[in-house]
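S.K.: 3D model of this:
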Amino acid sequence: MIDLATRVGRALEAKRLMLATAESCTGGGVAQAITEIAGSTGWFDAGFVTYSNASKTGMLDVPAALIAQFGSVSEEVAAAMAEGALANSNADVAVSTTGIAGPTGAVPGKPVGTVCFGWSRGDTTYTERLVFAGDRHAVREQTVAHALQGLLRFIE
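M.R.: The predicted structure follows:
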């Protein structure tokens, strides 16, 4: 994870971009991976851990109606989280994670391991939905790694 976070940092630094994270299921794991890197103050602005729906709405301006319509674990909410992180920070690029790490929380159509991601920069936002295997720890680790890999692709 350190190698991946280092590569993300170098890419952000090379493009003079600041990063913000908006995390739910990872509980700040993406921000932790990023801040493990010495010098990350040069390219990391803010991390939002918005575990509850109320915090997604209050801190990231995710519309409550969007959560009600699609559920907090959805690409639509992941996009709004990333866009909200940009709007509520001094960052140029943002990554978001929202998912069901388990062992409980599954709902019809969204099994344990379902995670939605958002990457946003300017007026461009990409999302993705994946289902990871394993226990809670494994799902969260895979989510952090995938968020960083996606961020690297998004900024390069």
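
S.K.: got a pLDDT number for M1?
M.R.: Confidence at M1, expressed as pLDDT, is 80.

S.K.: Mind telling me what element D3 is part of?
M.R.: Element membership for D3 (DSSP states H and E) is helix 2-14.

S.K.: Give the pairing partners of the helix or strand that comes right after that helix; include direction for each.
M.R.: Remark: after helix 2-14, the chain's next helix or strand is strand 19-23, criterion DSSP H and E. The strands beside strand 19-23 in its sheet (DSSP bridges) come out as strand 44-49 (parallel), strand 93-99 (parallel).

S.K.: Would you tell me which one of those strands is buried the most?
M.R.: strand 93-99 (a mean of 29; mean count of other Cβ atoms under 10 Å). Every residue, glycine included, has its C-beta placed from N, CA and C.

S.K.: chain center to that one, what's the gap?
M.R.: Remark: strand 93-99 is offset 2 Å from the chain centroid, using Cα atoms, centre = their mean, to the nearest Å.

S.K.: What mean pLDDT does the longest helix along the chain get?
M.R.: Using DSSP state H to define each element, the chain has its longest helix at helix 136-155. Averaged across helix 136-155, pLDDT comes to 97.
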